[in-house]
Structures are given as structure tokens and as C-alpha cells.
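Asker: Predicted model and sequence below, questions to follow.
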Amino acid sequence: MAIYDYEIGTSYGGMANLEDLTTPVDPPKSSFWPHSRYVNLGNGQVRGAGFARAEWRWGFVTQAQRNQLRTFCTGASAEVYIQTRKNDTSDAYQVYTAVMVWPEEEQRENGRRLDFVIEFRDLVEYTP
């Protein structure tokens with residue numbers, strides 16, 4: 001039984017918990033930004049602009065776990081559905097459509113990938 005609620009899929013109905021995949025993947029450390037950038041205003045305030053984005057980060061993943069994640073993004077990027085934590089008072093999980101961006105560089109060591117980070121861009125809240 002899964003401990004965390006991080007999910008991924010190529011469709012909403014095809015989403016699966018990372019811990020329940022054919023090759024289980026440990027839950028990531030996640031970060032969430034409601035805006036892709038901040039714009040300084042003339043009055044000293046700041047306005048958020050652009051799309052929401054998130055990152056899933058692992059200290060390392062095994063080769064098998066990396067290959068499992070790769071099935072969702074066979075190129076440089078892919079459109080996916082994810083469930084990840086957002087920044088609110090309860091750190092609740094939310095389903096999003098997103099563009100999954102595969103790491104440009106992978107640090108290999110002893111059959112593992114170190115400091116492995118997957119970026120999700122253009123997050124849009126999904127409500128079935």
C-alpha cells in the first residue's frame with residue numbers, strides 16, 4: 001500500500017501511484033511554484049507571471065526506476081497527468097496536466113542516477 005500520493009500517467013484514467021508502478025519508484029522530494037517567474041513592479045511589489053511548475057527530486061534512482069519513469073517521457077518532453085503537492089495551507093495533493101521534461105544530463109554511478117530531477121512545466125489544475 002502506498003504511503004504517499006504522487007501519481008503519474010499519460011491519461012487521467014491511466015494514472016498510477018509511483019509506489020505501485022510495475023517497477024516501484026520511491027516518492028520524490030517535490031517542489032511547487034505557482035508561477036514560472038516573478039516580475040518586479042514599479043511600486044516595489046512583485047507579480048507572479050507564467051505557468052505553474054513543479055519538480056520531483058531524488059537523491060538517486062536505480063536504473064530500473066529510471067527506466068520506469070522513462071516510459072512516461074520517451075523524448076525530451078511529453079504531456080502527462082501528475083498528482084503532486086501544491087503550496088497551500090495543507091500541502092494538499094492536486095492533479096495537473098503538465099509537460100514532463102526529462103533531465104538534459106544524467107549523472108551515472110554504479111547502476112544508479114544521482115541527484116535525479118524531473119521538471120514539470122505548464123501545470124494546469126485538472127478536475128475530472
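Answerer: Arrived safely, thanks for sending. As the structure is a prediction and not an experimental result, all values here were calculated from the model.
Asker: contacts, neighbours, all on C-alpha from now
Answerer: Noted.
Asker: can you pull out the helices in this structure?
Answerer: For the chain, the helices defined by DSSP state H occupy 63-70.
Asker: Show me which strand runs longest in it.
Answerer: Ranked by residue count under DSSP state E, the longest strand found in the chain is strand 112-125.
Asker: Who does that one pair with, and is each partner parallel or antiparallel?
Answerer: strand 52-62 (antiparallel), strand 93-101 (antiparallel), strand 107-109 (antiparallel) (DSSP bridges).
Asker: Let me see the contact set for the closest residue to N40 other than its chain neighbours.
Answerer: Spatial nearest neighbour of N40, excluding adjacent residues (CA to CA, 6 or more residues apart in numbering): V46 at 4.7 Å. Contacts for V46 were tallied using CA atoms under 8 Å, 6 or more residues apart in numbering; they are 38-40.
Asker: For these, give me CSV that also has pLDDT.
Answerer: What follows is the contacts of V46, written out as CSV (pLDDT from 0 to 100):
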residue, pLDDT
Y38, 91
V39, 94
N40, 95
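Asker: now, which of those sits nearest A54?
Answerer: Y38 (15.5 Å; CA to CA).
Asker: Can you tell me how far that closest one is from D122?
Answerer: 15 Å (CA to CA, to the nearest Å).
Asker: So which of these two has more stuff around it?
Answerer: Using other CA atoms under 10 Å as the criterion, Y38 and D122 rank with D122 on top: 18 against 11.
Asker: need the contact list for the more buried one.
Answerer: By CA under 8 Å, 6+ apart, the residues touching D122 are 51-53, 97-99.
Asker: out of those residues, which are buried?
Answerer: Neighbour counting by 16 or more other CA atoms under 10 Å classes 52-53, 97-99 among these as buried.
Asker: tell me which of the contacts of D122 is nearest to R112?
Answerer: Within the contacts of D122, proximity to R112 (CA to CA) peaks at V99, which comes in at 24.5 Å.
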